[in-house]
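Asker: no sequence on this one, just coordinates:
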């Protein structure tokens, strides 16, 4: 007699303790897991991959948990072939900047062809004046910077649309119909500049501290599931899980 495959909840429940161990203290673990299950249930491709290749799904979920980001909002599970790519949204990167406590405001905008835009390295920030009620034309670039609580302004990151397209071209999953590059190109343009900005401002202090003291996970109850899981490689500078499907080639 063939047994039924485990349900979404049963599969994720086996790792609930692991997620709880790494989630930042301001996150409610039960709510985080419920939201994640809801996101998976609404996408047949996610359900399929969870059943056939759960390791990549669970690795992406662990990455989101370590970052303290909500799946479906500030972090996305993107199907790519028979795997899951975990992608941090640009809003998630901004959230990590705010959590660190040094940033008072983050400014990130796309620039369209009809906008008035002026910036040079001698300026502390761009002069961007869009006409919100006119046809602004296609996107020609994007920029981001942070205002610091000490009154200073961070490095200003400015990228042309051609430079943003270069980032897209090196993304392995960009051509997938489920890729955020296909669904939300403006958001991806913003992530390109916000991700670059993150190199110049502090991000979540709590998360960076946790990255150097990873709590051991309890013993598994499902060896078959363990054998499919990608080994977790931790970036100690950011705390992100860097598995082979989610390295620097998949910005968002």
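Answerer: That came through fine. The model shown is predicted, which means the values in this text are computed figures rather than measured ones. Residues are numbered from 1 along each chain as shown.

Asker: let me see the ranges of the strands in the stretch 151-252 of the chain.
Answerer: Assigned by DSSP state E, counting those that start in this stretch, the strands in the stretch 151-252 of the chain fall at 157-160.

Asker: what segments of it are helices?
Answerer: In the stretch 151-252 of the chain, the helices defined using DSSP state H, counting those that start in this stretch lie at 161-169, 180-183, 185-197, 205-211, 223-228.

Asker: the third one packs against which elements?
Answerer: Going back to what we said before, that points to helix 185-197. Other helices and strands packing on helix 185-197, by 3 or more Cβ pairs under 8 Å, 6 or more residues apart in numbering; DSSP states H and E, are helix 90-100, strand 103-112, strand 139-148, strand 157-160, helix 161-169, helix 180-183. C-beta coordinates here come from the backbone N, C-alpha and C atoms, glycine included.

Asker: of these, which is nearest residue 41?
Answerer: Smallest distance to residue 41 across the helices and strands packed on helix 185-197 (Cβ to Cβ): 19.0 Å, for helix 180-183.

Asker: what packs against that closest one?
Answerer: Counting by 3+ Cβ pairs under 8 Å, 6+ apart, helix 180-183 packs on helix 185-197.

Asker: and for the helix it packs on, what are the contacting residues?
Answerer: 88-90, 93-94, 97, 106, 108-110, 139, 141-146, 154-155, 157-159, 161, 163-164, 167-168, 180-181, 251-252 (Cβ atoms under 8 Å, 6 or more residues apart in numbering).

Asker: if any of the residues you listed are buried, put those into a PyMOL selection.
Answerer: To isolate the buried ones among these in PyMOL, judged by 16 or more other Cβ atoms under 10 Å, type:
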select buried, resi 88+89+90+93+94+97+106+108+109+110+139+141+142+143+144+145+146+154+157+158+159+161+164+167+168+180+181+251+252
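
Asker: in the protein, where is pLDDT below threshold?
Answerer: Within the chain, the stretches with pLDDT under 70 are 1-5, 205-252.

Asker: center of it, which residue is that?
Answerer: When Cα atoms, centre = their mean is applied to the chain, the residue found nearest the centroid is residue 88 (0.4 Å).

Asker: for that residue, which non-adjacent residue is closest in space?
Answerer: residue 75 (5.5 Å; Cβ to Cβ, 6 or more residues apart in numbering).

Asker: wait, that neighbour sits on residue 69?
Answerer: Yes: contact criterion Cβ atoms under 8 Å: residue 75 and residue 69 qualify, at 4.0 Å.

Asker: who touches both of the two?
Answerer: Common neighbours of residue 75 and residue 69 (Cβ under 8 Å, 6+ apart) are 88, 89, 92.

Asker: how about a markdown table for those, with distance to residue 27 added?
Answerer: Below are those laid out as a markdown table (distance: Cβ to Cβ, whole Å):
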| residue | distance to residue 27 |
| --- | --- |
| 88 | 15 |
| 89 | 16 |
| 92 | 13 |
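
Asker: list just the nearest of those to residue 114.
Answerer: So of the shared contacts of residue 75 and residue 69, ranked by how close each gets to residue 114 (Cβ to Cβ), first place is residue 89, at 27.0 Å.

Asker: quick one: contacts for the closest one?
Answerer: If you count contacts by Cβ under 8 Å, 6+ apart, then residue 89 has 69, 73, 74, 75, 76, 180, 187, 191, 252 around it.

Asker: now the residues you listed as TSV including distance to residue 55?
Answerer: As requested, these are exported to TSV (distance: Cβ to Cβ, whole Å):
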residue	distance to residue 55
69	20
73	24
74	23
75	18
76	18
180	22
187	28
191	26
252	22
